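*Asks:* Build me a model from this:
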Amino acid sequence: MRRLANAVALSLALGALSAGAVGVAVGAAPAGAQVTPVPPPSPPGAVLLLTDHALDGRGGSLGATRVLILDGKIASIDAANGAAARVVDLRGYTLLPGLIDTHVHLDSHFDRAGRIATEKESAADQALGIALAAWETLRGGVTTAQTVGDPSERPVRDIVRDHGLPAPRILTSLAPIVGRGDATPSLDSLRALVRARKADGADLVKIFASTSQRVGARPTLTFAQLAALCGEAKRLGLRSMVHAYRAQVEVAARAGCTQIEHMTYATRDEIAAAASYGAFLSPQVGLVVQNYIANQGRYLGVGNYTPQGMKTMLDDLPRDFEVCRYAAEARGANVVFSTDATAGAHGRNVEELIGRVEHCGMSPTQALISANSMAASAIGMGDRLGFIAPGYEADLIAVDGDPATDITALRRVVFVMKGGVVYRWEGARGP
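*Replies:* Alright, predicted model coming up:
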């Protein structure tokens, strides 16, 4: 009931925020009055981006060109005209598709006291915390974020989509499905959980097949249980993301699950096997553990955030680097951008990509592809996102420097556009 009340209050609070942003009056309608729903924002006008260097999201590059944006989509490359368009001069910077982070936790934020927020926080503060996390993520160059998993994420997804709250395009799993480590749940009951997520409006299902790394990383679901969950998700048109360690990595991939997260303690052979099944693989090496350690005073004492748990994560970081190298080297592996960003990490998502180049042997181009076209495929939107071409969504960023040769250029975001709307522009030229 507390979660439901929070979700309702969150929806109302975010609705008020969004309504204020677009100039809609907020107030109670007279009893019995007919109320017209607030329409989504009108498509932005034409925008012409001038660039002398662009990366297309699939490993290719564009030279000097003019990218014309109409109705929130890329209309043409090397546009011959655009006299009526608003011009943004990005010459001197590198243009690339907006980043797609396939695993964040926008509901995770620090409360007014600077501690990790809990269910004791008011619904209004929770709403503002999620909205701020989303805004920071967008400003950091992430134009699509898959946030997994809390019911409070659905209202923010909807208000962003329907009313233009400044935030990345959001996908959410809602509440996760957590294995109990025994065979008690029947396969039919597990399938029913997936159907419930679908009915609630989830974009994917998040499944815990292992306990947290902080408490032993033990298996919590069998192959048959994972096959039932991921098979039902696929039947319903949902993707599945699995939190897995050790041998559960190969088990989840063999069960037909879409995306495997973390993978710490897995062997080279287990990761190679997971890659052979076509699963998207998501090691984390550059952000999540480092953020926990840097902010451990804000986390300790809540849930399983203990000094020993923090020490375990820090001690295991070399294993994370090792696992990431295994994934990068596995034949045909689909390694995708995924940060597991929590409170303190929002807006710094690119540190994961920098870490993959520094610790995993990935080239900058491989890291960028993992956050552009590969990530778009992982979330089932490869025909809309992650590539600079006519017909694709105008989700674009520009950075100071060339990340294809110096991945740290991603720290210097100067321009962010999502759906043809400019949310950040700090360059020397422009409108």
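*Asks:* where are the low-confidence patches of the protein?
*Replies:* Counting by pLDDT under 70, the chain contains low-confidence residues at 1-33, 41-43, 82-83, 428-431.
*Asks:* residue boundaries of the helices in it?
*Replies:* Counting by DSSP state H, the segments of the chain that form helices are 2-22, 123-139, 153-163, 187-200, 223-235, 248-254, 268-276, 288-294, 296-299, 307-315, 317-329, 350-360, 364-371, 373-378.
*Asks:* would TSV of the ones you listed with distance to Gly427 and mean neighbour count be doable?
*Replies:* C-beta coordinates here come from the backbone N, C-alpha and C atoms, glycine included. Output for the helices of the chain, formatted as TSV (distance: least, Cβ to Cβ, whole Å; neighbours: other Cβ atoms under 10 Å):
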stretch	distance to Gly427	mean neighbour count
helix 2-22	24	17
helix 123-139	14	22
helix 153-163	25	22
helix 187-200	42	16
helix 223-235	43	20
helix 248-254	43	27
helix 268-276	40	20
helix 288-294	29	19
helix 296-299	34	17
helix 307-315	38	14
helix 317-329	33	20
helix 350-360	18	24
helix 364-371	20	24
helix 373-378	25	24
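*Asks:* Val47 is nearest to which of those?
*Replies:* When those are compared by Cβ to Cβ, helix 123-139 sits nearest Val47, at 17.3 Å.
*Asks:* how far does the closest one sit from the chain's center?
*Replies:* The chain centre lies 14 Å from the centre of helix 123-139; the measure is Cα atoms, centre = their mean, to the nearest Å.
*Asks:* Make CSV out of the helices of the chain and add distance to Ala117.
*Replies:* Formatted as CSV, the entries for those read as follows, by distance: least, Cβ to Cβ, whole Å:
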stretch, distance to Ala117
helix 2-22, 11
helix 123-139, 6
helix 153-163, 14
helix 187-200, 22
helix 223-235, 29
helix 248-254, 29
helix 268-276, 34
helix 288-294, 15
helix 296-299, 10
helix 307-315, 19
helix 317-329, 26
helix 350-360, 22
helix 364-371, 27
helix 373-378, 27
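*Asks:* so which of those comes closest to Glu426?
*Replies:* Checking the helices of the chain against Glu426 by Cβ to Cβ gives helix 123-139 as the closest, at 9.9 Å.
*Asks:* so what secondary structure elements neighbour the closest one?
*Replies:* With contacts defined as 3 or more Cβ pairs under 8 Å, 6 or more residues apart in numbering; DSSP states H and E, helix 123-139 has these neighbours: helix 2-22, helix 153-163, strand 413-418, strand 421-425.
*Asks:* From the chain's centroid, how far away is the second one?
*Replies:* Here helix 153-163 shows a centroid-to-chain-centroid distance of 15 Å under the convention Cα atoms, centre = their mean.
*Asks:* Adjust the sequence numbering to begin at 39 for everything that follows.
*Replies:* That works, and once the first residue is 39, the last one we named lands at helix 191-201.
*Asks:* got the CA positions of it in CSV?
*Replies:* Once side chains and other backbone atoms are set aside, the C-alpha atoms of helix 191-201 remain, and they are given as CSV (Å, rounded to 0.1, in the frame of the first residue of the first chain):
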residue,chain,number,x,y,z
GLU,A,191,9.7,4.7,-12.3
ARG,A,192,6.5,4.3,-14.3
PRO,A,193,5.1,7.8,-13.7
VAL,A,194,8.3,9.5,-14.7
ARG,A,195,8.5,7.4,-17.8
ASP,A,196,5.0,8.4,-18.7
ILE,A,197,5.3,12.1,-17.9
VAL,A,198,8.5,12.3,-20.0
ARG,A,199,6.8,10.6,-22.9
ASP,A,200,3.5,12.3,-22.8
HIS,A,201,4.3,15.8,-21.5
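*Asks:* Let me know the angle separating it from helix 225-238.
*Replies:* 30 degrees (axes from the mean of the first three to the mean of the last three Cα atoms, to 10 degrees).
*Asks:* what's the answer for the shortest one, then?
*Replies:* Between strand 459-463 and helix 225-238, the angle formed by their directions is 90 degrees, by the same axes, to 10 degrees.
*Asks:* buried stuff in strand 459-463?
*Replies:* By neighbour count with 16 or more other Cβ atoms under 10 Å, strand 459-463 contains the buried residues 459-462.
*Asks:* on that earlier part again, and the helices of the chain: which comes nearest Gln251?
*Replies:* If you check each of these against Gln251 by Cβ to Cβ, helix 345-353 wins as the nearest, at 6.1 Å.
*Asks:* CA atoms of that closest one as CSV?
*Replies:* Listed in CSV are the C-alpha atoms of helix 345-353, where the atom choice follows Å, rounded to 0.1, in the frame of the first residue of the first chain:
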residue,chain,number,x,y,z
PRO,A,345,31.3,-2.2,5.7
GLN,A,346,32.0,-5.8,4.8
GLY,A,347,29.8,-5.6,1.7
MET,A,348,31.6,-2.5,0.6
LYS,A,349,35.0,-4.2,1.2
THR,A,350,33.9,-7.2,-0.9
MET,A,351,33.0,-5.0,-3.8
LEU,A,352,36.3,-3.2,-3.7
ASP,A,353,38.3,-6.4,-3.3
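*Asks:* any residues touching it, and which ones?
*Replies:* Here helix 345-353 makes contact (Cβ atoms under 8 Å, 6 or more residues apart in numbering) with 250-253, 327, 330-331, 334, 337-338.
*Asks:* again with stretch 400-414
*Replies:* Residues lying outside stretch 400-414 but in contact with it, judged by Cβ under 8 Å, 6+ apart, are 93, 95-97, 134-135, 137-140, 182, 318, 366, 372-375, 391-392, 394-395, 420, 422-425, 441-445.
*Asks:* Recalculate using a threshold of 7 Å.
*Replies:* When contacts are defined by Cβ atoms under 7 Å, 6 or more residues apart in numbering, stretch 400-414 is touched by residues 93, 95-97, 134-135, 137-138, 140, 366, 372-375, 391, 394-395, 420, 423-425, 441-443, 445.
*Asks:* what about that stretch, start to end distance?
*Replies:* Looking at stretch 400-414, the gap from its leading to its trailing residue is 19 Å under the measure Cα to Cα, to the nearest Å.
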